[in-house]
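Enquirer: Build me a model from this:
(one chain, ligands or ions: 2)
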Amino acid sequence: MVYRWLKTGLDWLLPPVCRLCGDEGQPGRELCAGCERDLPWNRTCCARCAEPLPAARRGLLCGRCLRRPPVFDQALTPLRFEPPVSNLVHAFKFRGDLAAGRLLADLLADAAAERRPALLLPVPLHDRRLRSRGFNQALELARRLGRRLDIPVNTRILRRCRDTPPQHEMPARARRANVRGAFEMLEELPTPHVALVDDVLTTGNTAAELARLLKRAGAARVEVWAVARA
Ligand SMILES: [Zn+2]
Ligand SMILES: [Zn+2]
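Expert: Ligands and ions are numbered 1, 2, ... in the order given. Predicted coordinates for the structure are as follows:
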């Protein structure tokens with residue numbers, strides 16, 4: 001309460017500055033309305049996996065989902081992984097810029113406002129990766145999302161038991177094998193409707209592997225929420 005009051009006071013004294021153009025930001029957000037409008041929004045995308053599609057195919061499925069739908073039920077990725085979004089993600093993930101993370105989480109929270117999963121599950125990082133990075137970007141995003149949307153966040157159910165090379169460093173075919181068996185469940189799932197949270201959705205193989213695990217444990221609906229679609 002005191003924090004919130006102080007925060008409101010500070011926002012009034014020092015209005016947020018837009019991280020992209022330096023103009024005055026919007027209340028509580030380091031982004032001005034113009035720069036927010038100009039972000040690479042992922043509006044025309046596959047209804048299932050959120051892969052960007054040509055504008056004419058809005059609301060349809062991509063070829064891959066038509067042939068073989070993914071294990072997860074739906075992906076929500078409001079932005080495309082292009083500058084300046086990709087720069088913000090890098091600042092957050094590799095330079096520990098937590099303010100960039102908060103901004104990205106808020107953009108994702110806006111897009112997820114109508115969704116009602118009962119639980120948010122950040123994609124876990126292997127202990128070794130966690131030690132070298134110092135924080136799990138997916139957990140930081142999930143925490144802010146949970147607060148904004150009033151959905152609990154659970155970090156105990158899923159564990160990454162195998163450290164795998166980053167997906168983007170691997171050839172496409174090796175990626176699926178790369179994450180197979182990389183995760184385990186340590187606790188029972190308390191609800192059938194969950195959302196996995198990550199920073200960027202790339203091949204969807206990590207999400208699919210986790211969704212497979214969750215469905216085997218009784219999940220009825222697994223959504224995948226990420227800030228951006230690569
Ligand atoms: Zn701006
Ligand atoms: Zn698709």
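Enquirer: Kindly state the domain boundaries assigned to the chain.
Expert: With domains defined by automatic domain parsing, the chain comprises 1-38, 40-229.
Enquirer: so how far is residue 68 from residue 184?
Expert: Taking Cβ to Cβ, to the nearest Å as the measure, residue 184 falls 25 Å from residue 68. In this view, the C-beta of every residue, glycine as well, is placed from N, C-alpha and C.
Enquirer: Tell me which of the two has more neighbours.
Expert: residue 184 (13 against 8; other Cβ atoms under 10 Å).
Enquirer: Please name the strands paired to the helix or strand hosting the more buried one in the sheet, noting orientation.
Expert: Element membership for residue 184 (DSSP states H and E) is strand 183-185. According to DSSP bridges, strand 183-185 forms sheet pairs with strand 158-160 (antiparallel).
Enquirer: Give me the mean pLDDT for the partner strand.
Expert: In this model, strand 158-160 has a mean pLDDT of 95.
Enquirer: Next secondary structure after that strand?
Expert: Past strand 158-160, the next helix or strand by DSSP H and E is helix 172-179.
Enquirer: Return the distance of that following helix from the chain's centre.
Expert: Centroid displacement of helix 172-179 relative to its chain, using Cα atoms, centre = their mean, to the nearest Å, is 20 Å.
Enquirer: all strands for this structure, in order.
Expert: 74-76, 79-80, 119-122, 158-160, 183-185, 193-201, 221-229 (DSSP state E).
Enquirer: Can you list the buried residues in stretch 217-229?
Expert: With burial defined by 16 or more other Cβ atoms under 10 Å, the residues of stretch 217-229 counted as buried are 219, 221, 222, 223, 224, 225, 226, 227, 228, 229.
Enquirer: So of these, which two are at opposite extremes in space?
Expert: Of all pairs drawn from these, the greatest distance, 24.2 Å, lies between 219 and 228 (Cβ to Cβ).
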